[in-house]
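K.L.:
The amino acid sequence is not available; the structure is as follows:
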């Protein structure tokens, strides 16, 4: 019989704490600073991208695969799908007033 060694998932705890820090940093930038709206949106967007990358590595274990090429292709496809959904939604919502 093989012994099962269960390790404490310290990477998950660190990732969770870092995600909380990034979330609170975005909230602080939005609520407690006197920056312009455009700068606040850039800060929040940048922190969101950093947090998405952090979660890919800490929770989804992107760096633990045998073939890195397949994972890169999957990530690129997911980014493409997300971009199409977001850009398409913005396009439809902003151009809807022309139909009236």
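P.N.:
Thanks, I have it. Source: prediction; values computed, not measured.

K.L.:
Show me how the chain divides into domains.
P.N.:
Using automatic domain parsing, the domain ranges for the chain come out as 6-64, 65-100.

K.L.:
Select from those domains the stretch with the lowest mean pLDDT.
P.N.:
Lowest mean pLDDT of the domains of the chain: domain 65-100, a mean of 83.

K.L.:
Return the set of buried residues in it.
P.N.:
By neighbour count on 16 or more other C-beta atoms under 10 Å, the buried set for domain 65-100 is residue 71. Backbone N, C-alpha and C define where each C-beta goes, glycine included.

K.L.:
repeat for stretch 44-62
P.N.:
By neighbour count on 16+ other C-beta under 10 Å, the buried set for stretch 44-62 is 47, 51, 54-56, 58, 62.

K.L.:
Which members of these are positioned in helices?
P.N.:
The helices, defined by DSSP state H, take in 47, 51, 54-56, 58 from the buried residues of stretch 44-62.

K.L.:
In the protein, which residue is most central in space?
P.N.:
Compute the mean C-alpha point of the chain, and by C-alpha atoms, centre = their mean the closest residue is residue 52, 1.9 Å away.

K.L.:
circling back to that earlier point, quick one: which of the ones in helices among the buried residues of stretch 44-62 is nearest to residue 74?
P.N.:
residue 56 (10.5 Å; C-beta to C-beta).

K.L.:
Which residue comes closest to that closest one once chain neighbours are left out?
P.N.:
Distances taken as C-beta to C-beta, 6 or more residues apart in numbering place residue 62 nearest to residue 56, at 4.7 Å, with adjacent residues excluded.
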